[in-house]
Structures are given as C-alpha cells and as structure tokens.
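Engineer: Could you work out the structure for the sequence below:
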Amino acid sequence: MDKKIISLWSLLSLVMFIICDFLMGENAQDLIKTIIVAAVLYLLLIIGGLLKWRLAYHFLLFVVGIYTLAMIRIVFIFATQSHSGVSVLAVVFAVLGIIVNLLWYRIAAKQIKSDYVRIVKKNVKK
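Structural biologist: Numbering: from 1, shown residues only. Below is the predicted model of the structure:
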C-alpha cells in the first residue's frame with residue numbers, strides 16, 4: 001500500500017516539475033530533453049520500487065531532491081531579479097511543487113527506513 005502511495009506522489013512530483021519546466025522553458029528542444037530525462041528517471045525508479053528493487057526509493061530520494069532544488073531556484077530567481085523572465089504562475093507551481101516534494105519525503109521516509117532496516121538485518125551476521 002505504501003509503495004502505491006509513494007508512486008502516486010512521485011508522479012505528482014514529476015507533473016509539477018514538468019509544469020514548472022514548461023512555464024520556464026524558452027528553448028523547445030531543451031525543454032523536451034529535460035522532460036524526457038525527468039520522466040525516465042522517475043518512471044524507472046517508481047517501477048523499480050514497485051518491483052521491490054531495494055535501492056529504488058533511495059535513488060528516487062536523490063532525484064526528488066534535485067528537482068526540488070530546481071523549483072527553489074525558480075522562486076529565488078523571481079524574488080531576486082525583479083520578476084524578469086519568471087511568470088507568477090511558474091512561481092505558484094514551483095511553490096506547490098516544493099510542498100508536494102516535502103510531503104513526498106514525509107510519506108517515503110517510512111518505506112526508506114524499513115528498507116534500511118531490512119538491508120541491515122540481512123547483512124548482519126548472526
């Protein structure tokens with residue numbers, strides 16, 4: 001059950017990043033490449049997590065962190081550069097994306113902790 005919820009929140013996180021990227025994107029080719037890379041990273045790790053690949057959520061933790069930093073950058077640019085090049089809609093979606101990602105961390109923490117415990121118990125000699 002937790003893995004399905006984590007997967008749904010991960011997909012929501014991906015959608016929020018894609019919306020922010022679309023609103024900020026100027027070059028269509030770079031936009032498409034960025035979206036493809038993000039989608040592949042998220043989807044591979046979500047599928048890996050659902051298939052019980054031990055480290056999938058750990059890598060997804062890193063990926064979500066990187067894309068959270070990208071959204072923080074949007075807010076920072078808006079705040080420091082007198083709104084040039086950043087629409088208010090992009091900032092709104094970036095803030096919502098940051099909130100979604102923080103909630104993702106809260107939800108995923110239990111699964112990641114149980115994965116650590118399982119890995120340690122398996123590798124500790126009795």
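
Engineer: Next one: S87, what pLDDT does it get?
Structural biologist: With respect to pLDDT, S87 scores 80.

Engineer: same question, S84
Structural biologist: For S84, pLDDT reads 63.

Engineer: And the lengthiest helix in the chain, what's buried?
Structural biologist: When the chain is parsed with DSSP state H, its longest helix is helix 88-123. Judged by neighbour count using 16 or more other C-beta atoms under 10 Å, the buried positions of helix 88-123 are 90-91, 93-95, 97-98, 100-101, 104, 108, 111-112, 115. (Glycine included, C-beta is placed from N, CA and C.)

Engineer: and if you look at stretch 74-84?
Structural biologist: Here stretch 74-84 shows I74, V75, I77, F78 as buried, counting by 16+ other C-beta under 10 Å.

Engineer: so how far is it off the chain centroid?
Structural biologist: For stretch 74-84, the separation from the chain centroid amounts to 22 Å (computed by C-alpha atoms, centre = their mean, to the nearest Å).

Engineer: again with stretch 87-99
Structural biologist: 14 Å.
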